[in-house]
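>>> I'd like to go over a predicted model; first the sequence, then the structure.
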Amino acid sequence: MALPTMTAEQRSEALAKAAAVRKARSELIDQIRKGSVSLAEVLKRADQEDLVKKTKVAAVIKALPGIGPVKAAKLMDDAEIPVDRRIGGLGSRQRAALLDALAH
């Protein structure tokens with residue numbers, strides 16, 4: 001499917017919107033990294049906010065304090081979550097498995 005042709009104005013609006021979304025997602029990840037937002041809060045916010053819903057699970061888990069790429073990969077594997085899954089795509093069993101694994 002070919003992309004629609006956009007005017008210069010439409011293109012600049014789309015670029016500005018994309019930049020705003022990236023900045024907001026970066027701020028969310030930074031809040032998680034600082035510990036001011038927990039995984040439980042992120043999962044709860046995903047039910048109302050598209051930005052949170054479309055954030056990758058791997059990025060959120062890696063941002064949690066004390067969790068690096070290796071531990072994040074193990075947590076996701078144990079919870080049977082594919083690497084490219086987004087928060088909004090998690091089932092209730094996967095959410096519970098993540099929260100349980102991080103509680104220990």
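On my side now, so go ahead.

>>> can you map out the helices along this structure?
8-34, 39-45, 50-53, 57-63, 69-78, 92-103 (DSSP state H).

>>> Out of these, the one nearest residue 84 is which?
Shortest distance between residue 84 and those, using Cβ to Cβ, is found for helix 57-63: 7.8 Å. Glycine gets a C-beta too; all of them are placed from N, C-alpha and C.

>>> Kindly spell out which helices and strands sit in contact with the closest one.
With contacts taken as 3 or more Cβ pairs under 8 Å, 6 or more residues apart in numbering; DSSP states H and E, helix 57-63 sits against helix 8-34, helix 39-45, helix 69-78.

>>> Out of the ones you listed, indicate the one that is most buried.
Among these, helix 39-45 has the highest mean neighbour count (mean count of other Cβ atoms under 10 Å), at a mean of 17.

>>> as a whole number, average confidence for it?
Averaging pLDDT along helix 39-45 gives 94.

>>> Next up, the contacts around the spatially most central residue of the chain.
Geometric centre of the chain, nearest residue: residue 55, 2.5 Å, by Cα atoms, centre = their mean. The contact partners of residue 55, by Cβ atoms under 8 Å, 6 or more residues apart in numbering, come to 25, 28-29, 42, 86-87.

>>> Looking at those, which is nearest residue 1?
residue 86 (22.0 Å).

>>> Is it possible to get the helices of the chain out as a markdown table so that each row also shows distance to residue 1?
Putting the helices of the chain into a markdown table (distance: least, Cβ to Cβ, whole Å) gives the following:
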| stretch | distance to residue 1 |
| --- | --- |
| helix 8-34 | 17 |
| helix 39-45 | 32 |
| helix 50-53 | 23 |
| helix 57-63 | 28 |
| helix 69-78 | 31 |
| helix 92-103 | 31 |
